[in-house]
Structure formats: C-alpha cells, structure tokens
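[1] coords please:
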Amino acid sequence: MSNAPYNGYSWQQRARIMPAYRKLTGRSAPFDGEPCGMCGDPDRPPGEWHSEDYSEPFSFQPPESYPLCKPCHARLHKRFNTLPGEWELFCLHLEAGGFGSEFVKLRALPERKALSEQVASGYKVELRLAHLDEPSGRGLVAARAGI
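    Model prediction:
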C-alpha cells in the first residue's frame, strides 16, 4: 500500500484495515482461494484484494472489498490516469471473457492505443476471445472483430 490517499481516505486510515481484519478473523488476508472478482482468474495470488471503503467499521465483503488479481488491481487504480478509452477497452476485454493477465499479452501497445482511441472517440469496439484447453495448461486464441 502506498502512502498516497485513495478514494478520499488517508494512508493512515487505509493502513488500519489489515490489522483490523487479522484481529477479527485471525487470518492473514481476506478472500483466500477465491478467484478475481473482476476477471474470474482462479490463479489470483493470495493476499491480493481491493477495498473501496476504508470507513470503520470495515467491511470485508463486496462491494466494499473484493478479491482481485494483480493486473486487474493495477488497472483499477490507474483507471482515472491512463489513456482515454484504455480503462473501457480493458473492461471490454474482461466482458469478452479475458483474464486481466492476458490483456497486454494478446494486444501489443500500438494496438491497445489505437483501440483505446477508437473507444474514446465513441466507436463501437467488439473484442472476441476464444479460450482453448491444452495439455500444457490454458491456451489462448484471440481474434479481433467489429472494429
């Protein structure tokens, strides 16, 4: 956690949430074993989660707090200071069934910039993803349509 304020809460207020959770539950972090609440990735690292509300008494349930994978968590915090249309493009990727970790793997920066500009200009951008299971793990085939 950075020392920056977030969502109107000082870093001091934000820093009180984890000790309160540990005292309340005896566990180190909420949402252990749960998939990402944004993209559904089941491989979410333990201890990675997000809270929008740091008022006391703390809530450790959605919508105040929820499990997130690292890519979704990072993008959520950057949503107000990124390229116009990029947050919306990321959300379209998730709506198409993509995991947060796949976003930059499937689309290089120049393509993401061009698509973000289209989204910001009001053009309808439709992203399609096809996920295939392979013996070596989760395989991906991506296709772009409706641009």
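[2] okay, CA-based contacts and neighbour counts for the rest of this
    Will do.
[3] mind listing the strands for the protein?
    Counting by DSSP state E, the segments of the chain that form strands are 49-51, 65-67, 126-134, 137-145.
[4] helices or strands next to the first one in the packing?
    Other helices and strands packing on strand 49-51, by 3 or more Cα pairs under 8 Å, 6 or more residues apart in numbering; DSSP states H and E, are strand 65-67.
[5] roughly how far apart are residue 71 and residue 35?
    Look at residue 71 and residue 35: by Cα to Cα, to the nearest Å, they are 13 Å apart.
[6] likewise residue 72?
    From residue 72 across to residue 35, the span is 12 Å (Cα to Cα).
[7] list the residues that contact residue 86.
    Residue 86 makes contact with 79, 112-113, 116-117, 119 under the criterion Cα atoms under 8 Å, 6 or more residues apart in numbering.
[8] let's have those residues in JSON lines, adding pLDDT, distance to residue 13 and neighbour count.
    Supplementary listing: the contacts of residue 86 in JSON lines, determined by pLDDT from 0 to 100; distance: Cα to Cα, whole Å; neighbours: other Cα atoms under 10 Å:
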{"residue": "79", "pLDDT": "92", "distance to residue 13": "22", "neighbour count": "15"}
{"residue": "112", "pLDDT": "94", "distance to residue 13": "36", "neighbour count": "19"}
{"residue": "113", "pLDDT": "96", "distance to residue 13": "36", "neighbour count": "17"}
{"residue": "116", "pLDDT": "96", "distance to residue 13": "35", "neighbour count": "22"}
{"residue": "117", "pLDDT": "97", "distance to residue 13": "37", "neighbour count": "17"}
{"residue": "119", "pLDDT": "96", "distance to residue 13": "36", "neighbour count": "21"}
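[9] among these, which lie within helices?
    Among the contacts of residue 86, DSSP state H puts 112-113, 116-117, 119 in helices.
[10] the more surrounded of residue 72 and residue 35?
    residue 72 (25 against 19; other Cα atoms under 10 Å).
[11] for residue 36, give me its contacts.
    Listed by Cα under 8 Å, 6+ apart, the contact partners of residue 36 are 42, 44, 67-69.
[12] all helices of the chain, in order?
    Remark: helices assigned in the chain by DSSP H are 11-15, 17-25, 70-78, 86-95, 103-106, 109-120.
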